[in-house]
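Engineer: predicted model, plus sequence, below.
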Amino acid sequence: MSELRKDIEDLIRLMDAHGLTGLRVREGERVLELRREQHVAPVAAASTPSPGPAAEAEQGISIPSPMVGVFYRQPSPDEPAFVEVGDRVEVGQVIGLIEAMKVFNEVTSPAAGTVVKIVVESGSLVQEGDTLLILKP
């Protein structure tokens, strides 16, 4: 069995063991990304409807999580957060870290703007696509 195939099978086992729907591993220039479709049974509507696309556009630009993992707002527990509400953020600026499989991945902003809301608390598990924070252009 090839080494790459063994690595992929090990990663699939980790995904299964932890209930992950996606995983990205970077080793130098090599990137391996695994995703699986999630089949979810329909759930009854909540009493408070979530905002639709028009409402989200009025709130600002949502910055999504690029992967599954634990989100951290600061580089280490004794350091300040990368960004706070009211801070100006530029394209490519680090806004947090996501830890996946003991690897810390920088999350950068795809847009410029002012932070109007931080949606996810530091230390929270996030799924790919979850909104981390909202910017006002």
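Structural biologist: In hand now; what should we look at? Numbers count the residues shown, from 1 in each chain.
Engineer: centroid residue for this protein?
Structural biologist: The chain has S65 as the residue nearest its centroid, 2.2 Å off, counting by C-alpha atoms, centre = their mean.
Engineer: tell me the contacts of that one?
Structural biologist: With contact taken as C-beta atoms under 8 Å, 6 or more residues apart in numbering, S65 is in contact with F71, I98, V107, V120, V126, Q127, E128, G129, D130, T131, L132. No exception for glycine: its C-beta is placed from N, CA and C like everyone else's.
Engineer: start and end of stretch 77-85, how far apart?
Structural biologist: 19 Å (C-alpha to C-alpha, to the nearest Å).
Engineer: actually stretch 18-28, not the one I wrote
Structural biologist: Taking C-alpha to C-alpha, stretch 18-28 runs 25 Å from one end to the other.
Engineer: now find how far off-centre it is within its chain.
Structural biologist: Offset of stretch 18-28 from its chain centre (C-alpha atoms, centre = their mean, to the nearest Å): 12 Å.
Engineer: stretch 76-96 now?
Structural biologist: For stretch 76-96 - counting by C-alpha atoms, centre = their mean - the centre lies 15 Å from the chain centre.
Engineer: what is the mean pLDDT for it?
Structural biologist: Computed over stretch 76-96, the mean pLDDT rounds to 95.
Engineer: show me what that stretch is in contact with.
Structural biologist: 63, 71-75, 106-118, 122, 132-133, 135.
Engineer: now it: buried residues?
Structural biologist: By neighbour count, and taking 16 or more other C-beta atoms under 10 Å as the criterion, the buried residues in stretch 76-96 are F82, V83, D87, V89, I95, G96.
Engineer: what do you get for stretch 20-29?
Structural biologist: In stretch 20-29, residues buried by neighbour count (16+ other C-beta under 10 Å) are L20, G22, L23, R24, V25.
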